[in-house]
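Engineer: give me a 3D structure for the following:
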Amino acid sequence: MTLRIVTDSTCDLPQAVVEAHHIKIVPIFVNVGSQSFRDGIDLTRTEFYERMASFTPPATTAAPGPDLFKKTYEQLANEGATEILSVHISQSLSTTVLSAQKAAEETSIVPVTVLDARQLSMGVGFQALTAAQEVMKGTPLKDILVKLEDQIKRTHVFAALDTLDFLHRSGRMNFAMSTLGTLMQIKPFLKMYDGISSAERVRTRKGAMKRLIELIYEFGPYEKVAMLYSGAKDRAEELFDEVRHLLPQGNLIQGELNPALGVHLGPGVVGFATVTKSPEGV
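Structural biologist: Below you'll find the predicted structure:
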């Protein structure tokens, strides 16, 4: 049996990791007016953040349709896959999982299992990576799913945003709250756990960085950690120096946040995706 792992471009896995573990990425679409870009293919992260402020009208995002997922599943089957596990961004944030599920139902050439990762960014990426690593060990799909459910319960993603403007533009926050927050210098602080997103309001950028450090202390010790940022590499590196001693050696991923999430969160984001160590060693 040959099991292949599929995920979407919100996973934020580095390309070298994707290639080494034979993970298939389905791109989310970033739309600007009549133009549509495939995240990570037609539009790189550097290009996106350089052009973001000039996009008129503001960029939007769209989930891949079932046809694209079905084509991906059939392609993997033609390459020798006898099973597919498709792991995607939380259904509470995107319709990507629904598209994948519809495609799985319509795919007869190979059995496809779709998993709602109940996370975003590297919270999804770490699940796809764990699945791919277990595939390399020869672990059966049913046992991989048990491991992923355990990992979901140990995964936290949290990020400090620099502005409310992009949440407002994308329709994720009403105008009154956005305007009030800007006038009061409020920095939104977002958290994601087990499919549920929540938010805090922090008064200053310094306060937001302090809150990130507090949560790094709270959720440790760690099995895996990723630091993500958007156009804020210098600030991310300063923060990393402060918390380096709390992070696992050799298992840290750092990188720019994908454009599909950047559309909604904007530039200036600094955040972490973490997997707490399992006390039972699952």
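Engineer: for residue 92, give its distance to residue 197.
Structural biologist: Distance, residue 92 to residue 197, by Cβ to Cβ, to the nearest Å: 7 Å. Yep, even glycine has a C-beta here, placed from its N, CA and C like the rest.
Engineer: quick one: residues contacting residue 18.
Structural biologist: Contact analysis of residue 18 by Cβ atoms under 8 Å, 6 or more residues apart in numbering lists residue 25.
Engineer: chain center to the host helix or strand of it, what's the gap?
Structural biologist: For residue 18, the host element (DSSP states H and E) is helix 15-20. Helix 15-20 sits 16 Å away from the centroid of its parent chain (Cα atoms, centre = their mean, to the nearest Å).
Engineer: buried ones in it?
Structural biologist: residue 18 (16 or more other Cβ atoms under 10 Å).
Engineer: same thing with stretch 84-100?
Structural biologist: Buried-residue list, stretch 84-100, by 16+ other Cβ under 10 Å: 84-90, 93-94, 96-97, 99-100.
Engineer: got the contact list for residue 57?
Structural biologist: Here residue 57 is in contact with 32, 33 (criterion: Cβ under 8 Å, 6+ apart).
Engineer: does it count as helix, strand or coil?
Structural biologist: coil (DSSP: H, G, I helix; E, B strand; the rest coil).
Engineer: how about residue 156, secondary structure?
Structural biologist: Going by three-state DSSP: residue 156 is strand.
Engineer: which residue sits closest to residue 252 in space, ignoring its chain neighbours?
Structural biologist: Spatial nearest neighbour of residue 252, excluding adjacent residues (Cβ to Cβ, 6 or more residues apart in numbering): residue 225 at 5.2 Å.
Engineer: host element of that neighbour?
Structural biologist: strand 222-230.
Engineer: and the contacts of the very next helix or strand once past that strand?
Structural biologist: Per DSSP H and E, the first helix or strand lying C-terminal to strand 222-230 is helix 233-243. With Cβ under 8 Å, 6+ apart as the contact definition, helix 233-243 has outside contacts at 209, 212, 213, 216, 227, 229, 254, 256, 268, 270.
Engineer: ranking those residues by neighbours, who comes first?
Structural biologist: Neighbour counts for the contacts of helix 233-243 were taken using other Cβ atoms under 10 Å; the highest belongs to residue 270, with 25 neighbours.
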